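*Asks:* please work out how this folds:
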Amino acid sequence: MKLSAKFKHWMTALLVLAVLIWCAMDIDWSTFHYFSWGSFRGTMASLFRPDWSAFYTGGTEDIFSLMIMTIAIGFFGTSIGTVLAIPFTLISARNLWKNPVVPRIGKFVLDVLRAFPELVYAIIFIKVVGPGPFAGVLAIGIHQVGMMGKLFTEEMERMDETAVEACHAVGANGVQTMFFARIPQLMPIYASLALNHFEIAVRSASTLGLVGAGGIGATLIFAIQAARWPRVSIILLTVIVTVFLLDLLTGWIRKKLR
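*Replies:* From the prediction side, this is the model:
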């Protein structure tokens, strides 16, 4: 038995090593010749000297204002995703339907919605509604429908059915059991998941500006292209601090919801 376990471990390690070697062979390493330690040290030195004057100037294009816009894009996108994910959850949960075809269709739609990253949705919506924050909100919202719809459905399917059975025992119908048995049990979990995806949405919104969907991403890519590393530094520092503070805030709210 021990030899068999060791053999399985060695075979797993060799398989992982073979996959790593195969991936490494598929990468073009020729660009490594352009690497310069001097350029690397200069870039890192510039990054450790953030341009504090660009953080707040009182206008609408300073780092502070763009970060507030990025948070707003993430918040509204998550709100749209949360609201629209609930109807898909009601369609996709197996324990709500006797016919198995309906949940399969619902889950397939959710699979399609989350198959594409936010950047792809942002490019599509920029063509539809034009560049700006609204395209970013729609991109995050549609992607979040697929993500949260999947998580909401999984929680609905594995919830404790004791309260539901008790409601049915006293003659409650499906709508009544939903409002008096399922929703009270699932709402804290759903709220926690929505808060967690709000953090993710803010990080995603920080990059959507790269394609013109509003937020701080456009300023970041322009600064990188112009090699304005002190400006890049203050943008990255602002994003890091914002995500850290949001993590503290949403963590505190999630504890209150338990």
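
*Asks:* and for Leu193, the neighbour number?
*Replies:* Other residues near Leu193 come to 20 when the count uses other CB atoms under 10 Å. (Glycine included, C-beta is placed from N, CA and C.)

*Asks:* what about the residue nearest the centre of the chain, which SS state?
*Replies:* With distances taken as CA atoms, centre = their mean, Ile200 lies nearest the centre of the chain, 3.7 Å away. Each residue gets one of three states, and Ile200 gets helix by DSSP: H, G, I helix; E, B strand; the rest coil.

*Asks:* pLDDT at it, what is it?
*Replies:* What the model reports as pLDDT for Ile200 is 89.

*Asks:* what do you get for Met1?
*Replies:* Met1 is assigned a pLDDT of 47 by the prediction.

*Asks:* residues of the host helix or strand of His168 that come out buried?
*Replies:* Using DSSP states H and E, His168 maps to helix 162-169. For helix 162-169, a neighbour-count test (16 or more other CB atoms under 10 Å) marks Val164, Cys167 as buried.

*Asks:* for it, list the C-alpha coordinates in PDB.
*Replies:* Provided in PDB are the C-alpha atoms of helix 162-169 (Å, rounded to 0.1, in the frame of the first residue of the first chain):
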ATOM      1  CA  THR A 162     -36.000  21.500   6.800                       C
ATOM      2  CA  ALA A 163     -37.700  24.900   7.000                       C
ATOM      3  CA  VAL A 164     -39.100  24.400   3.500                       C
ATOM      4  CA  GLU A 165     -40.600  21.100   4.500                       C
ATOM      5  CA  ALA A 166     -42.100  22.600   7.600                       C
ATOM      6  CA  CYS A 167     -43.800  25.300   5.500                       C
ATOM      7  CA  HIS A 168     -45.200  22.700   3.100                       C
ATOM      8  CA  ALA A 169     -46.500  20.700   6.100                       C
END
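
*Asks:* just the CA atoms of whichever helix or strand comes after that helix, as PDB, please.
*Replies:* Following helix 162-169 in sequence order, the next helix or strand is helix 174-177 (DSSP H and E). Extracted in PDB, the C-alpha atoms of helix 174-177 (Å, rounded to 0.1, in the frame of the first residue of the first chain):
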ATOM      1  CA  GLY A 174     -44.200  27.700  -3.400                       C
ATOM      2  CA  VAL A 175     -44.200  31.500  -3.200                       C
ATOM      3  CA  GLN A 176     -44.800  31.500   0.500                       C
ATOM      4  CA  THR A 177     -42.000  29.000   1.100                       C
END
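
*Asks:* so what does helix 174-177 touch, helix or strand wise?
*Replies:* Helix 174-177 makes packing contacts with helix 162-169 when contacts are defined by 3 or more CB pairs under 8 Å, 6 or more residues apart in numbering; DSSP states H and E.

*Asks:* again, 6 Å this time
*Replies:* Of the remaining helices and strands, none touches helix 174-177 by 3 or more CB pairs under 6 Å, 6 or more residues apart in numbering; DSSP states H and E.

*Asks:* now tell me what touches it from outside.
*Replies:* With CB atoms under 6 Å, 6 or more residues apart in numbering as the test, helix 174-177 has contacts from Val164, Cys167.

*Asks:* helix, strand or coil for the spatially closest residue to Tyr121 that is not a sequence neighbour?
*Replies:* Spatially, and ignoring its direct neighbours in sequence, Tyr121 is nearest to Ala139 (3.7 Å; CB to CB, 6 or more residues apart in numbering). Under three-state DSSP, Ala139 falls in the helix class.

*Asks:* Ala139 and Pro117, how far apart?
*Replies:* In this view, Ala139 and Pro117 are 9 Å apart by CB to CB, to the nearest Å.
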